[in-house]
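1. The sequence and its predicted three-dimensional model are supplied below.
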Amino acid sequence: MTTATDTLDHHDDDHHDHKMTGIKRWLYTTNHKDIGTLYLWFSFIMLLTGGAMAMVIRAELFQPGLQIVEPDFFNQMTTVHGLIMVFGAIMPAFTGLANWMLPMMIGAPDMALPRLNNWSFWILPFAFSILLASLFMESGGPNFGWTFYAPLSTTYSNGSTAFFVFAVHIMGISSIMGAINIVVTIMNLRAPGMTYMKMPLFVWTFFITAYLLIAVMPVLAGTVTMVLTDTYFGTSFFNAAGGGDPVMFQHIFWFFGHPEVYIMILPAFGIVSTIIPAFARKQLFGYSSMVYATSSIAFLSFIVWAHHMFTTGMPLAGELFFMYCTMLIAVPTGVKVFNWVATMWQGSMTFETPMLFSVAFVILFTIGGFSGLMLAMTPVDFQYHDTYFVVAHFHYVLVTGSLFSIYAGAYYWLPKWTGHMYSEKLGKWHFWCSIISVNLLFFPMHFLGLAGMPRRIPDYALQFADFNKWVSIGGFAFGLSQLIFLVLVIKCIKGGEKAPAKPWDGAEGLEWEVPSPAPYHTFSTPPEIK
């Protein structure tokens, strides 16, 4: 039986690609590694773009009173920041990691649909060009929040709505095509003998995420289409005066929006489940329970959407149902956290940069999970709703969750991608600067929210000034910290110490074989340290 590595040696280059050089190689490539690289660079550019917008937001909120931007432009910044970070930074980064690593992990020569792969990447830059160009229109960019609630996005929107809708459609098409490609690859191109329950967890999480994408992206497409026709073609889907219902918009949007947040966190679970066993030098604890937990999280994500809508006046039975279902999601998520901790328990751990980001992920993602549990309680959500507490909650999940796991994966696989070891010193600098600044940025937001500071406001009452100043300082520090990563990656690509065949074996002088990544149902104890 050929192993995944053997297959790779024969298929390192797509047979067309070696003829092409320069820009043509990247435009026409059907090689999964090249496309993965394109996705990763694109997502990093988008991260810096969306981050620049976040800095505009934080500069405006540095102190109360009008400082640098008009309220309408502030709203445009919050809207486009959210859209870019969700659809332009986090999702393409995960897709890039999937493109690079999935075929290798299942022993496939490439993705199943290589041309579709190329197409699903190359429409993304156009989508975001359209979205960003709308900011320079006379009427200004979209200014209704990334959730584009009606009637803000219909009756009261400016002239850029059509561009916003078109951009979202293209992003959605890209996501659906990428997801179909992942499903087909995993189902049809696994190496002989690799049954579903032998697939690495990284593969499992992407498999489940791809199904979520295929299920909910068409819902988003329907929503933005209704927004388009309400705005320009005289329909009244969300207009009460014409017999429509603005609250219906929220139901449809969050039926997409809630599974969407799991689309942004499930791949993170897969990455962390790959890295922690490698640096604990133990097999992952409870493999099958991890697979079932991931599946149940995906299923439950479809029946909790209205917890975003507790304040819309739904019936008590509805509030109770959505409250209990939301709290139920904590169970499989808790299983995962306990399994990661059990994997680390009594392991021979070393703390290189990928492990640091993974441990930070486990701790800080758990904080985000607990604040989410608080938001799930209907009666107290009336207090938390639309305050900075919610902002703190989802940034702990998506920044210290999704983004940190992407960094962990990037550090873990950079030696494999580039053939060079990255600078561990710079990696540690990046980690410590990020971890200190990110907590300074998001932790005080919990207190601001509990004290009653609303979200999405360009100005605020004087009593919130001190905390906001510290939050803004943390925000700028976090943004600048990401430039360390840029320097590190460029240095790593250009050269440096040659990466050994198994870069993480025997790190820090601990010499023994890391257990094979193909998981088993049994849990065996690691070799004793003599």
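-> Yes, it's here. Predicted model only: the values in this text are computed from it and were never measured.

2. Kindly tell me how buried Trp432 is, as a neighbour count.
-> When neighbours are counted by other CB atoms under 10 Å, Trp432 registers 13. No exception for glycine: its C-beta is placed from N, CA and C like everyone else's.

3. name the element it belongs to?
-> Assessed by DSSP states H and E, Trp432 sits inside helix 424-450.

4. And for Phe44?
-> Going by DSSP H and E, Phe44 is in helix 32-60.

5. So what touches the first helix or strand past that helix going along the chain?
-> Sequence-wise, the next helix or strand downstream of helix 32-60 (DSSP H and E) is helix 71-83. By CB atoms under 8 Å, 6 or more residues apart in numbering, the surrounding residues in contact with helix 71-83 are 50, 53-54, 56-57, 60, 69, 131-132, 135, 140-148, 168, 456, 458-459.

6. Can you say which of the residues you listed are buried?
-> 50, 53-54, 56-57, 60, 69, 131-132, 135, 140-148, 168, 458 (16 or more other CB atoms under 10 Å).

7. So which residues of the protein form strands?
-> Assigned by DSSP state E, the strands in the chain number zero.

8. can you list the weak-confidence ranges in it?
-> Scanning the chain for pLDDT under 70 picks out 1-18, 506-530.

9. I'd like the distance between the residue lying closest to Met177 once chain neighbours are set aside and Ala298.
-> Distances taken as CB to CB, 6 or more residues apart in numbering put Ser120 closest to Met177, at 3.9 Å, once the chain neighbours are dropped. Noted for Ser120: a distance of 21 Å to Ala298, by CB to CB, to the nearest Å.

10. Neighbour count: these two, which is higher?
-> Applying other CB under 10 Å to Ser120 and Ala298 shows that Ser120 carries more neighbours, namely 24 against 21.

11. So that one is in contact with Ala179, correct?
-> No - the criterion here is CB atoms under 8 Å, and Ser120 misses it with Ala179 at 9.0 Å.

12. Flag every buried residue along the helix holding Phe44.
-> 32-40, 42-44, 46-47, 49-51, 53-58, 60.

13. And stretch 78-85, by the same measure?
-> Thr78, Thr79, Val80, His81, Gly82, Leu83, Ile84, Met85.

14. and which of those is nearest Phe322?
-> Phe322 lies nearest to Gly82 out of the buried residues of stretch 78-85, by CB to CB, at 22.9 Å.

15. With Phe269 as the reference, measure out to that closest one.
-> 23 Å.

16. Straight-line length of stretch 241-251, end to end?
-> 19 Å (CA to CA, to the nearest Å).

17. Asp381 versus Thr326, what's the distance?
-> 10 Å.

18. Scan this protein for its longest helix.
-> Secondary structure of the chain per DSSP state H: the longest helix is helix 201-232.

19. Which neighbouring elements make contact with that helix?
-> With contacts taken as 3 or more CB pairs under 8 Å, 6 or more residues apart in numbering; DSSP states H and E, helix 201-232 sits against helix 91-106, helix 161-188, helix 246-263, helix 266-280, helix 287-300.

20. by contact count, what packs against the shortest one?
-> The helices and strands touching helix 287-300, judged by 3+ CB pairs under 8 Å, 6+ apart, are helix 201-232, helix 246-263, helix 266-280, helix 316-344.

21. ok, now the fourth one?
-> Applying 3+ CB pairs under 8 Å, 6+ apart, one finds that helix 266-280 makes contact with helix 91-106, helix 201-232, helix 287-300, helix 316-344, helix 353-376, helix 404-418.
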